Each structure stands twice: as structure tokens, then as C-alpha cells.
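Trainee: Structure of the sequence below:
(one chain, ligands or ions: 1)
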Amino acid sequence: MTAPHFWQVQSGIMDEVARPVGAGIAESHVQCPVCSQEMPASAINLHLDTCLQVQPASGVSVKKRRLSCEDQVLLARNPNSPSFPLFQKAKASEYQPEGTPTTSPFLTTPSPRRTETAVKGQVPSGAVQPPKPEELGSGHLPKVGFQEGQQGEKMLAERLDGKPLADKMRPCSLQDYMGQNKVLGENTMLRTLLQSNEIPSIILWGPPGCGKTTLAHIIAKNTHKNTTRFVTISATSASTNDVREVIKQAQNEQRLFKRKTILFVDEIHRFNKTQQDTFLPHVECGTITLLGATTENPSFQVNNALLSRCRVIVLEKLSVEAMEAILMRAVESLGIKVLSEDLQPDCRSSSASETPMYVEQKALTTLAHLCDGDARTGLNGLQLSVQAGLATGKDAPANIMVIKEEHIKEGLQRSHILYDRAGEEHYNCISALHKSMRGSDQNASLYWLGRMLEGGEDPLYVARRLVRFASEDIGLADPLALPQAVSTFQACHFIGMPECEVILAQCVMYLARTPKSIAVYSAYGKVKECLKNHKGPLPPVPLHLRNAPTRLMKDFGYGKGYKYNPMYSQPVEQDYLPPEIKGIKFV
Ligand SMILES: Nc1ncnc2c1ncn2[C@@H]1O[C@H](COP(=O)(O)OP(=O)(O)OP(=O)(O)O)[C@@H](O)[C@H]1O
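Mentor: Below is the predicted model:
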């Protein structure tokens, strides 16, 4: 049986290889577009690899391309294996050393149409350009030697040009992936799975810059067999149609080429529930292995059904030690020398044309502390400092540039405080503030207040929480707390930031110091509980407690027998609760 022989022009989001439509139904046959030989659909992939190396098809340009890490790993394992990853994140593009043979037949320049229709934010892996200096990067930059003088300086500038240093330094292997020992150390579930090459669907949850995207790429590379391909999309830019297209392509790949798809969805929490639902059946049946990354608590942001089909791996902020190792690797790759405290820069080798660059060890340590476990912030801070050093380097004495602690601090001018006003950190910090005030710890209370305000929190949000606290945790132990908190809210409303920070601090200290009582809060809780648990219709309001504004109501007995307390000099014997719940105590 001969399969139809027209070439399907797929939408560009995933396509770089034209392939026969209709092939693959019950061991159908397809015709090789290069040598016209017919063969089972399952064999076309391997055949094309060999065939195209022998005789490239006319009209199919077999261009040399920068290989991604995935390709390199794949080729190292099996130089003849087909390789046509259909997505490649621009930021993950990797450096292909000159002269490395490219054996994949499908590494072609995409048609303009395909490029145009590419998923926003994605670069089809066929979008091949010769490597530009700013794109060089496979997690290791070629080192720059200062003995090359101004040329070395120029090369250093070029290395720093273009893509951010953090992207260029993205590790390709677990050896260069620092920290996260809790999830990647010996005998951890993830490491065992990686070793066994069997990867389930995973949600990587962690703060920005802790290495979620990087780890997903490493996982994909690790499992990259002939039978797997890696596709990435970002939930910030991909539409529902893009998701459907990815799934359709994954199904085709499964059906025609028996290849599974590992789909990396960055910022998966940005997809709405419907979009997340789209993945469900395909994750369930194994067409797609989902690797999702999120900075938000997945229990709130990821569909429960999807969550139950994935393992959640929690990544933490990178430790200072891990950050130091990451920075050191970048510094080495850039050819910058590290200056420990007792060492002086070596001027002897610098001629008038040379501008060697050094970085103080102390500056690196400070940067590792300041970037708050976010490797991207750390690497970009380093990049800025080096670039600033290069810009002013000409004036440096003896043509030596030393990056000092103060340069690093300037490079990190923006607030490095991690605080996501819309996300989990917002709730974590307000909870910490509430608990510190409850524990009457003024110091801690002020600290958490500062974390929020300096991170850009809305002061009125904090003020509203203080009003609530004044009642919930202080209540009648200090009835002045509530007016204090309400005044604070009003004052913040009048004045705004930054002036209102001291007003908030004053109120926080007052609330932390003052005595606490939850009597009101818990009593009202019991009332709610009583109403919720009441079986049958709620008891009517006793007649003597009812108001009787009309004659008819009076005739019905409303208000009858009510004892008006001010008329009595003695305490009045009277029931105020319905007889059905007489004697119940809330206080
Ligand atoms: N554990 C790590 N080891 C080495 N480098 C790392 C590590 N984590 C992050 N990096 C560096 O930081 C950069 C940013 O990391 P990555 O994109 O993986 O973070 P992320 O957690 O996905 O962040 P975001 O949530 O903001 O997308 C990487 O390109 C890499 O250079």
C-alpha cells in the first residue's frame, strides 16, 4: 500500500520537518522524499538519516546548525540517531563549537512561513543562524586570556554582549548544576528516576532563578533517547490553540514515529484551568510527559486533576555556597581572575595595551549573599559590574581593573528582596508578621513589616491586616488596639508611602507589645459553629424579645412580658436565648 505522498505543511509552532500525511496507520508505507524508496513508516526516520547524508535532497538544504545540548547528547549517544527537536527556547540555545559535524538530516532552515507562525517566544529549532559571538554559550564560555591585551578586553566585552550572562551560563549537565541537594542528592527520588531514565510528569516549584528551567532541560537531555523529543512552551505567551497544536503534534509523533514527547511548560500557573485541562488525557495516556515550572504554590495554581498525575518537586532558593560556585564558574569562563584578600593584582605582565580584570573574592561573596538565592540576579549583577568595569577600565591605574564589593552593590541596585505581591510570598510574609505580633516579638514583627514594605507591598493591605489583628488577637484585652489600627489605616490612606511606613511600624509595635486575648474571636467562632451544626429549622425569636411597632403585632403577643431593664433597680431575671438552646455558653 502506498501512502499519500503530499507533504504536510504544519503550522510553524512545532514544525521543521515536512512529513507524509496519513502515514503510520497499521504499518503503512511511506516514500522517502530523497531516494523515492518505499518503506514502513516506522523505518523512515532512520532511513532518512542515512539517506540524506549520502545524497541531500534537492530543495532540502542540509545546513550546519548550532546544536542544542539535547542534540549534542543525542549525537554523542548515537551519532546516526535522528534528531529533530521541534521546539527550542531561544534562551536555551546553545553553543556549537566550530567544526562539530552535524549529522541530523533535518537540521534545515525553516521556510519563512514556518518562522512567521512560530509560537510567540519560541524559536523553531530549525531557525538556524551561524553562531554570533553574543550567542556563544553552552554553559561554558570560551575563556578570554588577558595576555591578549586589548584583544582580550574586546573579547570579554563580546562575551558579555547580547544574551544575558545567566542564559549563556545555563548548565547542560548535573555536574554543573549547583545546590538543590535535597532533591538531587544521593538516593533522592529524582536522582534515582534520572538514573533509570524513566521520568514521570513533574511540576518543579521554586522561587525565581533557583534553576527550574535549567533542571527541566537537564532532565530532558538525560532521557533523550531516540524515542523522545523535547518541546518547550511558555504559558506566558502560548495560547490554547498553541497547546492543542503541541498535543496534536505529540500524537502524530507517537503514532507515526513511536516517539514520546517531553513537554516543558514554563510558568504553568499562568495557564488557566481550561488550558491545563487540555493536557490531562495526554499526560494520563503517556503521549506527553509534562515538566511544568512554577513559582507559585501548585496546590492553588495547578488543576487538582493534573496535579495528581504529576510529582511535585520543590526547589529552594540557592544557598550562598551554591551561588558562590555558580559565580565562580562564570568568572572562570570569562577569564577574570579572583583576588583573595592578601593578594595584589599582578601588574608585571600588563603592558600599556593590556587591561587585565580581577574580581575581589569578597565582592563575589557579597554578591552571593545579596542575590537572595536567585542565580539569574547574581549572574546578571556580575555581568553589569564587569561591563561597568570595562567601560571605565581605561582610566584604571596601570590598566588594571578590579571589581570591588562596591561595584557589585551598584550592579545590584534594584531591590534584591524577593517579594511577589501577588504570590505565595505575600501570604508567607503577612502570616509571619501576624504570628510575630501574636508572640509579642517586636523585633520580628518589624522585620516582616520591612520585608513587605521594602518589597513593594501595598501599605493599605498591611494596615487592613492590622485592623483585623487588633480584634482577633487583642480584642477586649486592650480595647484601644482597634482604634489604633483603624487610625493607622486612615493615616496610611492620607499619607501614602514612603511616609506611612513609620505609622505602620508604630502600630505594629503597639500591637506586638499590648496584652492579647482571643476571647471575642473564639466566642464568635462558637456561635458560628452552633448555627452551622443546628439540626432542623432555627428556633424562632422568643415573642417577648420581638419589637411591636404595630397594633396587630402587639395583638400577636410581640413584646409581651418583656422586662425593660432600666426600669429595674435589681438585676432582671429574663431569658434572652430561645428555649431550644437555653443554657448554651459561647463565652
Ligand atoms: N542550580 C543551578 N546551578 C547552576 N546554575 C544555575 C542554577 N540555577 C540557576 N542557574 C543559572 O541561573 C539561570 C536562571 O535559572 P533558571 O532559568 O533555571 O531559573 P528558574 O527557576 O527557571 O527561574 P524563573 O522562575 O524566573 O524562570 C540559568 O540560566 C543558570 O545560568
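
Trainee: how near is the closest residue to residue 266 other than its chain neighbours to residue 456?
Mentor: Nearest residue to residue 266 in three dimensions, chain neighbours excluded: residue 234, at 4.4 Å (C-beta to C-beta, 6 or more residues apart in numbering). For the C-beta atoms, the positions are set from N, CA and C on the backbone; glycine is no exception. As judged by C-beta to C-beta, to the nearest Å, residue 234 and residue 456 stand 24 Å apart.

Trainee: Residue 436 too?
Mentor: Counting by C-beta to C-beta, the gap from residue 436 to residue 456 is 20 Å.

Trainee: Specify which residue of the two has the higher count of neighbours.
Mentor: More neighbours surround residue 436 than the other of residue 436 and residue 456, with 20 against 12 (other C-beta atoms under 10 Å).

Trainee: packing partners for the host helix or strand of that one?
Mentor: Taking DSSP states H and E as the definition, one finds residue 436 inside helix 424-438. The contact analysis (3 or more C-beta pairs under 8 Å, 6 or more residues apart in numbering; DSSP states H and E) places helix 424-438 against helix 442-454, helix 459-469, helix 500-513.

Trainee: Buried residues in the second one, which are they?
Mentor: The one in question is helix 459-469. 459, 462-463, 465-467, 469 (16 or more other C-beta atoms under 10 Å).

Trainee: need the residues of the protein near the ligand, please.
Mentor: Within the chain, the residues that sit near the ligand (C-beta under 6 Å from any ligand atom) are 166-167, 169-171, 177-180, 206, 208-214, 293, 295, 318, 326, 375-376, 379.

Trainee: hmm, 5 Å instead?
Mentor: The chain has residues 166, 169-171, 177-178, 208-214, 295, 326, 375-376 near the ligand, with proximity defined as C-beta under 5 Å from any ligand atom.

Trainee: out of those residues, which are inside helices?
Mentor: Counting by DSSP state H, the part of the residues of the chain next to the ligand found in helices is 166, 212-214, 326, 375-376.

Trainee: picking that back up, would you list the helices and strands packed on helix 424-438 in CSV and tack on mean pLDDT?
Mentor: Listed next are those as CSV, based on pLDDT from 0 to 100:
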stretch, mean pLDDT
helix 442-454, 94
helix 459-469, 95
helix 500-513, 97
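
Trainee: And the ones you listed: which comes nearest residue 333?
Mentor: helix 442-454 (33.3 Å; C-beta to C-beta).

Trainee: Which secondary structure elements does the closest one sit against?
Mentor: By 3+ C-beta pairs under 8 Å, 6+ apart, helix 442-454 packs against helix 424-438, helix 459-469, helix 500-513.

Trainee: send the alpha carbons of the shortest one over as CSV?
Mentor: C-alpha atoms of helix 459-469 as CSV (Å, rounded to 0.1, in the frame of the first residue of the first chain):
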residue,chain,number,x,y,z
PRO,A,459,0.6,49.7,52.8
LEU,A,460,-3.1,49.7,53.0
TYR,A,461,-3.1,45.9,52.7
VAL,A,462,-0.9,45.7,55.7
ALA,A,463,-3.0,48.3,57.6
ARG,A,464,-6.2,46.3,56.9
ARG,A,465,-4.5,43.2,58.4
LEU,A,466,-3.5,45.2,61.5
VAL,A,467,-7.2,46.2,62.0
ARG,A,468,-8.1,42.6,61.8
PHE,A,469,-5.3,41.6,64.2
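
Trainee: between it and helix 424-438, what angle do the directions make?
Mentor: 40 degrees (axes from the mean of the first three to the mean of the last three C-alpha atoms, to 10 degrees).

Trainee: how big is the angle separating helix 459-469 from helix 500-513?
Mentor: For helix 459-469 against helix 500-513, the angle by the same axes, to 10 degrees is 20 degrees.

Trainee: helix or strand right after helix 459-469?
Mentor: Taking DSSP H and E, what comes next after helix 459-469 is helix 481-495.

Trainee: So which residues of the stretch 251-400 of the chain form helices?
Mentor: Secondary structure of the stretch 251-400 of the chain (DSSP state H, counting those that start in this stretch): helices at 273-284, 298-301, 304-307, 320-334, 361-370, 375-392.

Trainee: what's the second one in contact with?
Mentor: Put plainly, it is helix 298-301. For helix 298-301, contacts defined as C-beta atoms under 8 Å, 6 or more residues apart in numbering pick out 203, 205, 268-269, 292, 294, 307, 312, 424.

Trainee: repeat that for 10 Å
Mentor: With C-beta atoms under 10 Å, 6 or more residues apart in numbering as the test, helix 298-301 has contacts from 203-205, 267-271, 273, 276, 292, 294-295, 304, 306-307, 310, 312, 314, 423-424, 427.

Trainee: do the same with the first one
Mentor: The contact list for helix 273-284, computed with C-beta under 10 Å, 6+ apart, reads 200-201, 235, 238-240, 242-244, 246-247, 250-251, 254, 261, 263, 265, 268-269, 271, 287-290, 292, 301-307, 309-310.
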